[in-house]
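Asker: My questions concern the predicted model and sequence given below.
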Amino acid sequence: MVVRKFLLLTFLLFLSWTVQAVEVGGVVLDDAAHSGSSNLVLNGAGVRSKFVFDLYVAALYLDTKKTSAAAVLTDTGDKRIALHLLRDISADHLLSAFKHAIENNHTREELKALQASLTQFEQVFNKVGEVRKGDIITMDYQRDIGTLVAVNGVAQGTIAGVAFNTALLKIWLGDKPAQQDLKLKLLGGK
């Protein structure tokens, strides 16, 4: 009887460790996510701010944790960026910010090579319209289909190719990220 209670207590303790959630900027994030056929782990998360406004909580999910931007950007495995909106934002505003960050992290030639994918991405975001506080935008890279953009779990469109996903990730993890401290937090830093 004592052994059973001990085993039950040990199992419950183990279970509580494996289903933990993390709170960032008032948003509770799961420590794991499922994308396509992959189980992903939370690599890091942080708040994207501009001036004095908190815009969204970004969370990066990977198949295994990585602490360097280069390791994430060269990884061709499945991954997810989840944006938990902290305020109402027009899709145009988000798209403009994303395009600016992509331009900052690529040469003119690289941007030219990405043009078709960037046009597709723009078309996907034009369908989105306005996103509201509490909405969740996920951008899942799945090797077999590309980057699937969804809002609150509803698919909005897909952009093919790993090159586009790498360009997208450079918004937060590039040499000129949208916000340096957010880059560090997405890479597991404090």
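Answerer: Yep, it's here.

Asker: Tell me where the chain has helices.
Answerer: Using DSSP state H, the helices of the chain run over 2-18, 69-74, 91-104, 108-128, 162-173, 180-186.

Asker: just these: most buried one?
Answerer: Compared across these, helix 162-173 shows the largest average neighbour count, a mean of 22 (mean count of other C-beta atoms under 10 Å). In short, each C-beta sits where N, CA and C put it, glycine included.

Asker: Need the contact partners of it.
Answerer: 58, 60, 69, 72-73, 76, 79, 81, 98, 101-102, 105-106, 110, 113-114, 117-118, 120-121, 139, 141, 143, 146-147, 159, 177-179, 182-183, 186-187 (C-beta atoms under 8 Å, 6 or more residues apart in numbering).

Asker: Equivalent analysis for stretch 106-113, please.
Answerer: By C-beta under 8 Å, 6+ apart, the surrounding residues in contact with stretch 106-113 are Ile102, Glu103, Leu114, Leu118, Ala163, Ala167, Lys170.

Asker: okay, now Ser37: neighbour count?
Answerer: By other C-beta atoms under 10 Å, 9 other residues sit near Ser37.

Asker: same check, this time on Glu130
Answerer: Glu130 has 12 nearby residues by other C-beta under 10 Å.

Asker: Just the pLDDT at it, thanks.
Answerer: Model confidence at Glu130, given as pLDDT, is 85.

Asker: Also the one 5 residues further on?
Answerer: Note for Asp135: predicted pLDDT of 97.

Asker: and the helices of the chain, which one's lowest on average pLDDT?
Answerer: helix 2-18 (a mean of 46).

Asker: quick check: longest strand of the protein.
Answerer: In terms of residue count, the longest strand belonging to the chain (DSSP state E) is strand 38-50.

Asker: Let me know the distance separating the spatially most central residue of the chain from Val52.
Answerer: Nearest to the geometric centre of the chain sits Ile81, at 1.1 Å (C-alpha atoms, centre = their mean). Ile81 is 24 Å from Val52, where distance means C-beta to C-beta, to the nearest Å.

Asker: Ok, Ala97 next?
Answerer: Taken as C-beta to C-beta, the span from Ala97 to Val52 is 16 Å.

Asker: How about Ser38?
Answerer: Distance from Ser38 to Val52, by C-beta to C-beta: 37 Å.
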